[in-house]
Structure formats: C-alpha cells, structure tokens
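In: My questions concern the predicted model and sequence given below.
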Amino acid sequence: MIVFLIPISFAVAVLRHRLYDIDIIINRALVYGGLTAILAGIYFGVVLGAQSIIYALTRSTDQPPILVVLTTLVIAALIQPLRRTIQTFIDKRFFRPKYDAARTLAGFGRAVRSEVDLEPLRASLLDVVDQTMRPKSAWLWLREPTRVPTRLPPG
C-alpha cells in the first residue's frame, strides 16, 4: 500500500509546487548549489586560517569555541547577499529573457512615476508589453474620463 503512495506524493508535490517547469529546477539547482559551495569554501577557509593563526601564536591545537561562533555568524550574515548576487549572475548568464523582462518592467515603473500625459504613457506601456511578452498584437482600451462637476449643486 505504501509503495503506491510514494509516486502519488511525488505527483502531488510536482503539481503543487510547479516543479514541472524545468527552468525553475535548473535555476534553483544552480543558485543553491553555487551558494553552498561558496559558503562551504568560506567557512573552511576562515576556520583553517584562524586555526593556523591561533597555532602560530599559542602553539595550541585546541580550537576556541568563539572561533566557531564567529565563523557561523559570518556565514549567516553572508547567505542573503551572496544568494542575491548568484541569482543575478545566473539570471543574466542563463535566463536572459527573464532578466531582461525584470529590468524592462523596473524601468517602466520608474518612468510611470514621472509621466502625467496619457499618450506617451500608452505608447510606453505597449512598448514594454511588446518587449517583455512578445505578443502577436496588443491593444489598450481606455475608458473615457468621467467629468467631475466644478460646482456642487445646491442642497
């Protein structure tokens, strides 16, 4: 009975977490594999370097507990900045359309904040949609603005 539950649980996990999209799996494997390798290298480099310095100064092979604590804190502080850096590098190198689309949308967001005229905004929006999604055609329907009375009726 349990033998049949394993493939069913795999199918549920694949469908629930969108693991059928192989790009996501490859992207995460590259990012987290690289992150793990870099952090392990930094950890062992710092520990071995600190041990050799402590041995040269004290001629003792005992490792002070503060060294482990400080090294762990350094690694914990580096996780998110390193992950973002590696993610950006992987996206630029291997997933260029996703990276370009994100940059284009961010640029459009900055431009929209300062634009007040509707016609350039419409043209810019259609251009961004064309660059990021590459549709065969795109239309933008805008409803007529409602008129606000300049003077309130009495009563």
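Out: That came through, no problem. Residues are numbered from 1 along each chain as shown.
In: Could you list the residues in contact with the helix or strand of the chain with the lowest mean pLDDT?
Out: Using mean pLDDT, DSSP states H and E, the weakest-scoring helix or strand in the chain turns out to be helix 96-114, at a mean of 74. Counting contacts by CB atoms under 8 Å, 6 or more residues apart in numbering, the residues outside helix 96-114 that touch it are 88, 91-92, 121, 124-125, 128, 131-133. No exception for glycine: its C-beta is placed from N, CA and C like everyone else's.
In: Mind doing that once more with 10 Å?
Out: Here helix 96-114 makes contact (CB atoms under 10 Å, 6 or more residues apart in numbering) with 23, 27, 87-93, 95, 115, 120-121, 124-125, 127-134.
In: Now do the buried residues in whichever helix or strand comes after that helix.
Out: Downstream of helix 96-114, the next assigned helix or strand under DSSP states H and E is helix 118-133. Of all the residues in helix 118-133, those buried under the rule 16 or more other CB atoms under 10 Å are 121, 125, 128-129, 132.
In: Residue ranges of each domain in the chain, please.
Out: The chain breaks down into these domains under automatic domain parsing: 18-94, 96-140.
In: Residue 6: which of those is closest?
Out: Judged by CB to CB, the one of those that comes nearest to residue 6 is domain 18-94, at 15.5 Å.
In: just how off-centre is that closest one within its chain?
Out: 18 Å (CA atoms, centre = their mean, to the nearest Å).
In: gap between the two ends of that domain?
Out: End-to-end span of domain 18-94 (CA to CA, to the nearest Å): 20 Å.
In: begin at 38 from here
Out: With 38 as the first residue, the last one maps to domain 55-131.
In: Assess the claim that residue 70 and residue 76 are in contact.
Out: No - using CB atoms under 10 Å, residue 70 makes no contact with residue 76, being 11.1 Å away.
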